[in-house]
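# Task: produce atomic coordinates for the following.
(one chain, ligands or ions: 1)
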Amino acid sequence: MTRRPTTRSHGQLTIRSAAPEEFLDCVRIAHRAWPSFKERNSIYHLFTKYFADTSLVARVEGRVVGFTLGFVAQSKRGVGYIHLVATDPSAQRRGIAHQLYLEMFRRFRALGCRKVRCIINPENTRSLSFHDGMGFRPEHSGPRIRLRGVWATRDYNGKGIHMVEMTRGLRGAGTTG
Ligand SMILES: CC(C)(COP(=O)(O)OP(=O)(O)OC[C@H]1O[C@@H](n2cnc3c(N)ncnc32)[C@H](O)[C@@H]1OP(=O)(O)O)[C@@H](O)C(=O)NCCC(=O)NCCS
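Numbering: from 1, shown residues only. The predicted model follows:
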C-alpha cells in the first residue's frame, strides 16, 4: 500500500490494490465519469478479483474517488496492459489518475514489464490528453487513419471502429521513462 499526498487535493490520497467487493465502487465511478461507456459489471469484478495486483483504487479521506484496472499480458512478454482508468467527476484534475498511473508503472516494473499499453477511443480527447501527459505515444499494429488530429489504427475493433493504440516504456527507476 502506498500513501502519497496529492499536490492539488485537500485530503490524504491512498492508493492500494482493489478488493474484490470494490468492483461496485469502480462501476459507480465509471458510470459517473463516462456515462456513455458501457461495460458489464462482471468485467470490473473480474479485475478486482483476479488481477488485483494491477487493479488499484484511490481513496481520499476513505472515499473511493478513482480506479484503474490492468493486467500483465500472458502472450506478449514484458507488457503491462491498462484496460480502464476513471476518476469521479468531483475529484478530477487533482492528479488522482496521475498518481494511480505512477503506482501502476511501479507495479508493472516490479512484475518484469518493460512497456505498458492501452487503447483509447479517438473521440475521448481528455483521455488522449491525459495519456499524452503520462508519456504514452501512439503505436500502430495495422494501417493508420487520421481522426481529429490523432493517428488511430484503422478498424482496430472491427470495421469502422478505429482506436488509438498507445504505449509507454517503463525503463529506469524514475517516473518518466
Ligand atoms: C481521463 C481521466 C481518468 C483523468 O483523471 P484525472 O484524475 O482528472 O486526471 P489528473 O488530474 O491526474 O490529470 C493529469 C493530467 O491529464 C490531463 N488531463 C486530465 N483531464 C483532462 C481534461 N479534461 N482535459 C484535458 N487534459 C486533461 C492534464 O494534462 C492533467 O494535468 P493538469 O491538470 O496539470 O493539466 C478522467 O478525466 C476520467 O475519469 N475520464 C472519464 C473516463 C475515461 O475516459 N477514462 C479513460 C478511458 S481509456
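# need the residues of the protein near the ligand, please.
33-34, 66, 84-87, 92-98, 120, 124, 126-127, 129-130, 133 (CB under 6 Å from any ligand atom). All C-beta spots, glycine's among them, are computed from the backbone N, C-alpha and C.
# per-residue confidence at residue 6?
According to the per-residue confidence, residue 6 scores 41 in pLDDT.
# Can you give the domain ranges for the chain?
If you go by automatic domain parsing, the domain ranges for the chain are 1-113, 118-177.
# Dump those into JSON lines; add mean neighbour count as well.
Listed next are those as JSON lines, based on neighbours: other CB atoms under 10 Å:
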{"stretch": "domain 1-113", "mean neighbour count": "18"}
{"stretch": "domain 118-177", "mean neighbour count": "15"}
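# Run through the chain and note the low-pLDDT ranges.
When residues are selected by pLDDT under 70, those of the chain lie in 1-10, 172-177.
# could you redo the last one with a cut-off of 90?
Applying pLDDT under 90 to the chain flags residues 1-11, 38, 148, 171-177.
# re the thing from before, now intersect the residues of the chain next to the ligand with the strands, please.
66, 84, 85, 86, 87, 120 (DSSP state E).
# Tell me where the longest helix sits in the protein.
Ranked by number of residues, the top helix in the chain under DSSP state H is helix 96-110.
# For that one, give me every contacting residue.
2, 4, 6, 9, 13, 15, 53-54, 56, 58, 60, 65-68, 70, 72, 80, 82, 85-87, 116, 130, 133-134, 168, 170, 175 (CB atoms under 8 Å, 6 or more residues apart in numbering).
# cool, and stretch 159-174?
Residues outside stretch 159-174 that contact it (CB under 8 Å, 6+ apart): 80, 105, 108-109, 113-122, 128, 131, 134-141, 145, 147, 150-157, 177.
# Return the subset of those lying in helices.
Using DSSP H, the contacts of stretch 159-174 in helices are 105, 108, 109, 128, 131.
# In TSV: those, plus distance to residue 45.
Below are those laid out as TSV (distance: CB to CB, whole Å):
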residue	distance to residue 45
105	25
108	22
109	27
128	28
131	25
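# which among the residues you listed gets closest to the ligand?
Nearest to the ligand out of the ones in helices among the contacts of stretch 159-174 is residue 131 (CB to the nearest ligand atom; 7.4 Å).
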